[in-house]
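*Asks:* Just the structure for this:
(one chain, ligands or ions: 1)
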Amino acid sequence: MSTAEAFTPSQIAQNFVESIDKGKYDRQITAGLKKFLNKSVDEDMTGFYSDDELDALVEIQGTDRDIESRMPVKITRHYFEQAKNSVAMQQLIKASPDETFDLAGSADPGNQMTYAPVEGLIHKYELGLAYVASTCSAHCRFCYREELIARKDIERADGTVAPKGLAQIDEVCSYILEHNRLVDANGGRHPETDREKLREILMSGGDPMVLSNKKIAEWWASLSEAGIESIRIGTKELAFFPDRFDDAFFEMLDKFHELYPETKLRFVVHFNHPDEFLKKDADGNYLSQPGGGLQWLDNTKRAVERLASRNWVNIDNQSPIIRGINNDPDMLRIMQRELKRNRVENHYFFAGRDIVGHRAFNVPIEEAWRILNESQMGLSGVEIHARLSITHYKGKTEIVAVTNDPIPGVPASENGFVVFKLHRGVGNAETRGRVAICGRNPKAIWFNDYEDRVIMDEAGLFTKAIY
Ligand code: SF4
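*Replies:* This next block holds a predicted model:
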């Protein structure tokens, strides 16, 4: 597609960006295993990995099971302090040889490069996802973007091989302008792709909050001027470094809103476990808040309150269900309740994706459904908005139900069945709501594990082996 109308930010946007300081944040990051191996980490961190754990990691260094080639190690001081008293958080952040025991998985989950009209922009649905940063303040071991963060070579549609590049503001905005111009001129649909108007951009990576305030301001003003109505910011910074949400950041945020009041911001945050934001006593119990609820870490609470106090900002949480970290209904119940109480919506939980090494992290699909379903027992209607989603190559798919009972007389359903529902087709909206039903396979961790027991498939999830 040609990008006929090159994007140029207005003078207002330029003045706005000029007025913003870059801002400096000392996250006290420890990057890489080396510092743990040569004991040059801060003294209180030396025991974070046991000698046996380090020996096991050294043994596979430089081999095809090398841990940091799969996913670099990184941790902030804030996360470390919390993780000292949380096995779940340690699991999230500590490298383990198990990660590379089985390296099966997709080099480019979701075939994202197929949907990249310009480098770093994935255009699916009515939404564009822009890779604006290639790192986060710390790194989750189960990261869905390990290929981006570890700078792995990916094969493109044209056969060339290169690491995924980051989105550039002018290229992305020129693409949006041209796409939307063609959609308007063609009565609401793009003449070649049949897609609708691009209304939302998800800034992702990596974590956009590792960028300076100035860079974030430039992205927001440019996207707004290119016609984007809603900007999502996918971030785990509330867990990794909540002090990032400081006065300078909120000043920039408010200035942006004054200039672009119709562009709404939606922070899609990423808490995996209540240990990441709740205070605990010496015995590891959460502390009650006088008057109701539980006590949050002060800086996390402050950041959430400041975001939530702006009625043009939404906050939604989404999290995968990961083995050894949050495959625990009681913990997820606490998390959903506390998030909703504090104006963070429970958006999605994910059944694990087919990233390289996913067998080390994913819980089986039916088990993930059971965990979420059980976690929602005892929650109120407004607290149970989260759905369990799995990203099929055809689009985002909900795991709606898992039964114990069969459908009488229907082969493959003898042990019960699983209902999948397509939420959004990657190309267009028309396939929304279509369903597929399969006989149960309690060990299934990906769609191919259901191939031999498909009962009905109007969603086309199993018609071709494209997952
Ligand atoms: S916050 Fe997201 S992108 Fe960053 S390391 Fe964790 S899973 Fe990966």
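*Asks:* Alongside the ligand, which residues does the stretch 51-200 of the chain contribute?
*Replies:* Counting by Cβ under 6 Å from any ligand atom, the residues of the stretch 51-200 of the chain close to the ligand are 136, 139-140, 143-145. The C-beta positions use only the backbone N, C-alpha and C, and glycine is treated the same way.
*Asks:* Now that we have the residues you listed, which of them are buried?
*Replies:* The neighbour-count test (16 or more other Cβ atoms under 10 Å) marks 136, 139-140, 143-145 as buried among these.
*Asks:* What is the nearest of these to F256?
*Replies:* Proximity of those to F256, judged by Cβ to Cβ, is greatest for C136, which lies at 22.6 Å.
*Asks:* From A31, how far out is R156?
*Replies:* If you measure R156 against A31 using Cβ to Cβ, to the nearest Å, the figure is 29 Å.
*Asks:* hang on, the earlier thing: can you redo the buried ones among the residues of the stretch 51-200 of the chain next to the ligand as JSON lines with distance to F240 and secondary structure?
*Replies:* Formatted as JSON lines, those follow (distance: Cβ to Cβ, whole Å; DSSP: H, G, I helix; E, B strand; the rest coil):
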{"residue": "C136", "distance to F240": "7", "secondary structure": "coil"}
{"residue": "H139", "distance to F240": "9", "secondary structure": "coil"}
{"residue": "C140", "distance to F240": "9", "secondary structure": "coil"}
{"residue": "C143", "distance to F240": "12", "secondary structure": "coil"}
{"residue": "Y144", "distance to F240": "16", "secondary structure": "coil"}
{"residue": "R145", "distance to F240": "15", "secondary structure": "coil"}
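*Asks:* Return the member of the residues you listed nearest to R341.
*Replies:* When these are compared for distance to R341 (Cβ to Cβ), C140 comes out closest, at 24.9 Å.
*Asks:* Quick check: nearest residue in space to that closest one, chain neighbours excluded?
*Replies:* Taking Cβ to Cβ, 6 or more residues apart in numbering as the measure, C140 lies nearest to L92, with 5.5 Å between them; neighbours along the chain are not counted.
*Asks:* before we move on, which element is the one you found in?
*Replies:* Here L92, judged by DSSP states H and E, is contained in helix 87-93.
*Asks:* after that helix, next one along is what?
*Replies:* Criterion used, DSSP H and E; the element after helix 87-93 is strand 121-124.
*Asks:* Remind me what that next one packs against, helices and strands.
*Replies:* Contacts defined by 3 or more Cβ pairs under 8 Å, 6 or more residues apart in numbering; DSSP states H and E place strand 121-124 against strand 127-131, helix 169-185.
*Asks:* count of neighbours near the one residue in the stretch 251-400 of the chain that gets nearest to the ligand?
*Replies:* Proximity of the stretch 251-400 of the chain to the ligand (Cβ to the nearest ligand atom) peaks at H270, 5.5 Å away. Here the neighbour count serves as a burial measure; for H270 (other Cβ atoms under 10 Å) it reads 20.
*Asks:* Contacts only, for it.
*Replies:* Counting by Cβ atoms under 8 Å, 6 or more residues apart in numbering, H270 touches 234-236, 238-239, 317-319.
*Asks:* sorry, back to before: export the residues of the stretch 51-200 of the chain next to the ligand as TSV, with columns for pLDDT.
*Replies:* As requested, these are exported to TSV (pLDDT from 0 to 100):
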residue	pLDDT
C136	96
H139	97
C140	96
C143	91
Y144	84
R145	82
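*Asks:* With respect to S413, which of those is nearest?
*Replies:* Distance to S413, by Cβ to Cβ, is smallest for Y144 among those, at 31.8 Å.
*Asks:* surely that closest one meets R353?
*Replies:* Yes. Using Cβ atoms under 8 Å, Y144 and R353 qualify as a contacting pair, with a distance of 5.3 Å.
*Asks:* helices and strands of the protein: which one has the lowest mean pLDDT?
*Replies:* strand 153-155 (a mean of 75; mean pLDDT, DSSP states H and E).
*Asks:* Would you map the helices across the stretch 151-300 of the chain?
*Replies:* 169-185, 213-225, 237-240, 247-259, 298-308 (DSSP state H, counting those that start in this stretch).
*Asks:* For F267, give the beta-bridge partners.
*Replies:* Assessed by DSSP bridges, F267 has beta-bridge partners I233, I315.
*Asks:* Would you agree C438 falls within a strand?
*Replies:* Yes. Checked against DSSP: H, G, I helix; E, B strand; the rest coil, C438 lies within a strand.
*Asks:* For the protein, give me the ranges with low pLDDT.
*Replies:* 1-4, 108-113, 427-429, 464-467 (pLDDT under 70).
*Asks:* Let me see the domain layout of it.
*Replies:* 11-24+104-362, 32-100, 393-467 (automatic domain parsing).
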